[in-house]
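Novice: model this:
(2 chains)
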Amino acid sequence: MIPSAMASSTETALESLHHIKSTEPPEWLVPKQELSQAVRAASKLLFSSLKPYCPKSPFDQLLTEGFDVEQIWQQIDLQSQPLLSSLRREVKKFEKHPEKISKLKDGGVGGGEKKKKVLEQIETDNVVNDDEDDDDMDMDEDEDDEEEEDEEGEEEEKERGTEEESENEGEEKGGIEDKFLKIKELQEYLEEDEAREFGLKKKKTKAESKKEEEDTEEEGDDDDEEDENEGSEDDDDEAEEEEDELGLFDGNDEEDEDGLENARYEDFFSRKKNKSSKEKAKSRDMLEEDSGSDDEQDVDKRKDGPSKHEKELDKLRSKIEEMEKANLDPKVWTMRGEVTAAQRQKNSALEVDLDFEHNVRPAPVITEEVTASLEDLIKTRISEGLFDDVQKARTSSSKAPREIKELDESKSKKGLAEVYEEEFVQKTDPASALLTFSDELKKEASMLFKKLCLKLDALSHFHFTPKPVVEDMSIQTNVPALAMEEIAPMAVSDAAMLAPEEVFSGKGDIKEEAELTKAERKRRRANKKRKFKAEAAKRMGKKARQMTTVGNNDEGREG
Amino acid sequence: MLRRNIRLRREYLYRKSLEGKERLLYEKKRKIKEALEEGKPIPTELRNEEAALRQEIDLEDNYTSIPKTHIDDEYANATVRDPKILLTTSRDPSAPLIQFVKELKFVFPNAERMNRGGQVISEIIESCRAHEFTDVILVHEHRGIPDGLIISHLPFGPTAYFGLLNVVTRHDIKDKKAIGTMPEAYPHLILDNFKTKLGERTANILKHLFPVPKPDTKRIVTFANRSDYISFRHHIYEKPGGPKSVELKEIGPRFELRLYQVKLGTMEQSEAQIEWVIRPYMNTTKKRSFIGNEPEPDDKRKRNKA
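Specialist: From the prediction side, this is the model:
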């Protein structure tokens, strides 16, 4: 390349860089043609400045005309990727043998005094660098456009590059320092680190959170890593510087992206007092991030590929931690007991497959089979005639059945007087009522039954019960015994039939002598006398007649 | 009328209260009868009353020996007179529900349909008692589909609450000619698988909605109980080829009834005692059948037995 042409291009590029620096942050929010041109020129310059450090890159220049952002990026990537791996190796080496660094350092300086001088120089440089860094940081935080971000990154890198170049030109520590090892940058870094440790801590937390997002989600590991980072930072400061530069690519990008995500008021409109410290912190953060990412790689590489056992242990540990975390967290709502709608998320029950135990038999589905079975049942019932109809209930009689009196239409044989007589008898003498059955049939039936019972009793009982007395009324004819036994009927007079007491009609002296009253006695005596006299007179009359007849004969004698 | 009602109700309650004593007596008589039949000595606690009770046993006949429960008293007069049913709906019935109730009116002989309007239940029941109705049937719905049936027997009788499922109405079958008209003869009844006490009770309630039929009617109404779901079917039969062949033709609506409550008063008596209520949250509900016997599962068990 022609030096003059180089010089002119570099000048224009530097101009464009300055132009970029001078633009206000809000202007970056809107894509502008001139700004993008400037940025492209600047990135071209940076690329070519880095070229000598990457022997393997296929590009001599960054090709920007007519190229897409992605393509430009790819070119930058191609250049930087091989460098990164080599740098990592170098840094690890220095990690393992930190004494080499100090040796390099001491050897180069040749004593503590020179070291101090170097340190002072580094400090002054640091101030300068810091100021430049501050500007860079400002620019960084404001980016929205990716392309611009990238360019900024490169720009900062370019700044570092210039720093480096100046440093390189200024100091030669002879042997210790080479293109990778810069004592100055080491000193800077050391101071920043110390200030950070003793000074502001808030930017640290921001970086920590970023790291967490980037690396793992486990706090324990984060802590470990941070500790590692802090430890290793102290060790590997020198070695990291070169890596920082390149790591700044990634770091910056990461930082920028994260910066976008976590952009805060303070980032844009920070107070002047804290500005510098914040910038320092930010720079520290960036460095820390880079170191962090570097550290991970370092750690991994230190172990030389973890052994199987260690891998298993790691797995186990991670599992254990997962489970412990799950135990400590509040349970998922499905695992809690009774959960109302207010205690779980909206629509969360829709996502879960819920299962209920139903304690009722499900409603019957009426299929063809069911209908057919029912119809079969009905048909059998019909053919058998077995129905469950309502039966007409036999009305249980509440009264005894009325006795139906049969009306006999023939003329009654009894006269009315006899009817009344019977009624009277019934009333007075209830015993005789037994004889008056209203029903002839009943009477006959009861008679038959009694006879039957008698016969059965005679057959069955040891103790014979005699014939029951049947009171039977029959007419007694008052006929003399002789007449009854004689066959021929005779005309019988009542007088002959009657018993002597019946003969006695009651004309004679009925009363006893004791019963008589005086008058009656006299009467009786009087009656007796009369009867006697009557009889005496009768006798006299009879005698007289006899005597006359006889007396005719005998009259003369007396006479 | 009011006083008569009060008197009847008091009688009913008195008889209900006597039931306890009567049951005791019945139990004692039964024990004595058993002891006598088996020739065992009479249990000692009954020795004192034994003579009197034995006399009573001798004087008893079929009618008096069974202890009467007040529950059966409700249907004591049912067989004497034909049932008279009032059909009505819940308030604001939809058109499909009205059609369904019209169909039901033809299913139950001697039934009257009435528009509900804005009447209160107690009013309806009072007027029914006055007009000597024996039963009131209320039909409920859900969006046009009938889903509830309440049968209330009138003087003080029990009320049975059913849920209706799988309802198919005659109106669903659009073709009028295919369906034809519905005969209005008094039907024969088939009540299948009502085995438990509750089943007997339900069978009674359903039975007494129908009058005594002539022995030669061709119309059949079936209530078949399958695992506590009662299927209602309505057929006409013919015997075309002699007495053994039977041809069925289904007419009338078809639905499943599910009993969920039986109360010992009429519908309006909210304080009436609940005779039985379904308990779906009981753990053993699934295993038990409340209305009839489960059909034997003809699977492994039977095969193993055989």
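Novice: State the distance from B:Phe290 to B:Glu268.
Specialist: 26 Å (Cβ to Cβ, to the nearest Å). Using the backbone N, CA and C atoms, a C-beta is placed for each residue, glycine as well.
Novice: Please report the number of neighbouring residues for A:Phe59.
Specialist: 14 (other Cβ atoms under 10 Å in any protein chain shown).
Novice: now A:Glu515
Specialist: 8.
Novice: so it sits in a helix?
Specialist: No. Looking at A:Glu515 with DSSP: H, G, I helix; E, B strand; the rest coil, it is coil, so not inside a helix.
Novice: Tell me the spacing between it and chain B.
Specialist: 61 Å (Cβ to the nearest Cβ, to the nearest Å).
Novice: So what does that residue look like in phi/psi?
Specialist: The phi/psi pair for A:Glu515 (degrees, to the nearest 10) reads phi -80, psi -20.
Novice: B:Gln261 now?
Specialist: Per degrees, to the nearest 10, the backbone of B:Gln261 is at phi -160, psi 140.
Novice: Pull the number of nearby residues for it.
Specialist: 15.
Novice: Tell me who's in contact with it.
Specialist: Contacts for B:Gln261 (Cβ atoms under 8 Å, 6 or more residues apart in numbering or on different chains) come out as B:159-161, B:274, B:276-278.
Novice: let's see 10 Å
Specialist: B:150, B:159-163, B:274-278 (Cβ atoms under 10 Å, 6 or more residues apart in numbering or on different chains).
Novice: what about burial for the residues you listed, which qualify?
Specialist: B:150, B:159-163, B:275-276, B:278 (16 or more other Cβ atoms under 10 Å in any protein chain shown).
Novice: Is the closest residue to chain B within the stretch 201-350 of chain A in a helix, a strand, or coil?
Specialist: Using Cβ to the nearest Cβ, the single residue of the stretch 201-350 of chain A nearest to chain B is A:Glu338, 16.1 Å away. Under three-state DSSP, A:Glu338 falls in the coil class.
Novice: quick one: B:Arg170 from B:Gly180, how far?
Specialist: 10 Å.
Novice: more neighbours, those two?
Specialist: Neighbours were counted for B:Arg170 and for B:Gly180 using other Cβ under 10 Å; B:Arg170 has more, 20 against 11.
Novice: hang on, isn't the more buried one packed against B:Lys105?
Specialist: No. Using Cβ atoms under 10 Å, B:Arg170 is not in contact with B:Lys105, being 11.9 Å away.
Novice: hey, what's in contact with both of the two?
Specialist: Overlap of the contact sets of B:Arg170 and B:Lys105 (by Cβ under 10 Å, 6+ apart) consists of B:Met182.
Novice: Out of the contacts of B:Gln261, which sit inside strands?
Specialist: B:150, B:159-163, B:274-277 (DSSP state E).
Novice: related to what we said a few turns ago, ok, and which of the contacts of B:Gln261 reach chain A?
Specialist: Contacts with chain A are made by B:163, B:278 out of those, judged by Cβ under 10 Å from any Cβ of the partner chain.
Novice: Tell me how many other residues surround B:Glu50.
Specialist: Neighbours of B:Glu50 (other Cβ under 10 Å): 17.
Novice: how about the nearest residue to A:Val390, chain neighbours excluded?
Specialist: B:Val212 (5.2 Å; Cβ to Cβ, 6 or more residues apart in numbering or on different chains).
Novice: Might you report the residue contacts of B:Ser245?
Specialist: A:379, A:383, B:238-239.
Novice: what's the lowest-pLDDT member of the residues you listed?
Specialist: Across the set of the contacts of B:Ser245, B:Lys239 stands lowest in pLDDT, at 86.
Novice: ok, it to A:Lys379 distance?
Specialist: 10 Å.
Novice: what sits in contact with each of the two?
Specialist: B:245-247.
Novice: Any stretches of the stretch 201-306 of chain B with poor pLDDT?
Specialist: B:296-306 (pLDDT under 70).
Novice: So which bits of chain A are right by chain B?
Specialist: Counting by Cβ under 10 Å from any Cβ, the residues of chain A near chain B are A:357-366, A:370-371, A:373-383, A:385-396.
Novice: Going through those, which ones are buried?
Specialist: Here, 16+ other Cβ under 10 Å leaves A:361, A:364, A:366, A:374-375, A:377-379, A:381-382, A:387-390 buried among these.
Novice: Name the nearest of those relative to B:Tyr260.
Specialist: A:Arg361 (13.3 Å; Cβ to Cβ).
Novice: Go ahead and report the secondary structure state at the closest one.
Specialist: coil.
Novice: show me what contacts it?
Specialist: Here A:Arg361 is in contact with B:226-229, B:258, B:280, B:285-289 (Cβ under 10 Å, 6+ apart).
Novice: Could you do B:Cys128 as well?
Specialist: B:84-86, B:88, B:112, B:114, B:134-136, B:152, B:154, B:266.
Novice: again with B:Phe100
Specialist: Contacts of B:Phe100 by Cβ under 10 Å, 6+ apart are B:89, B:93-94, B:139, B:141, B:144-146, B:164, B:167, B:169-172, B:253, B:255.
Novice: again, only this time at 7 Å
Specialist: B:139, B:146, B:169, B:253 (Cβ atoms under 7 Å, 6 or more residues apart in numbering or on different chains).
Novice: Would you indicate which residues of the one helix or strand the second one maps to are buried?
Specialist: Yep, that's B:Pro146 we're talking about. Here B:Pro146, judged by DSSP states H and E, is contained in strand B:145-153. Within strand B:145-153, the residues scored as buried using 16+ other Cβ under 10 Å are B:146-147, B:149-153.
Novice: Now pLDDT and distance to B:Asn204 too, for these, in JSON lines please.
Specialist: Formatted as JSON lines, the buried residues of strand B:145-153 follow (pLDDT from 0 to 100; distance: Cβ to Cβ, whole Å):
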{"residue": "B:Pro146", "pLDDT": "96", "distance to B:Asn204": "24"}
{"residue": "B:Asp147", "pLDDT": "95", "distance to B:Asn204": "24"}
{"residue": "B:Leu149", "pLDDT": "96", "distance to B:Asn204": "16"}
{"residue": "B:Ile150", "pLDDT": "97", "distance to B:Asn204": "16"}
{"residue": "B:Ile151", "pLDDT": "96", "distance to B:Asn204": "11"}
{"residue": "B:Ser152", "pLDDT": "95", "distance to B:Asn204": "14"}
{"residue": "B:His153", "pLDDT": "94", "distance to B:Asn204": "9"}
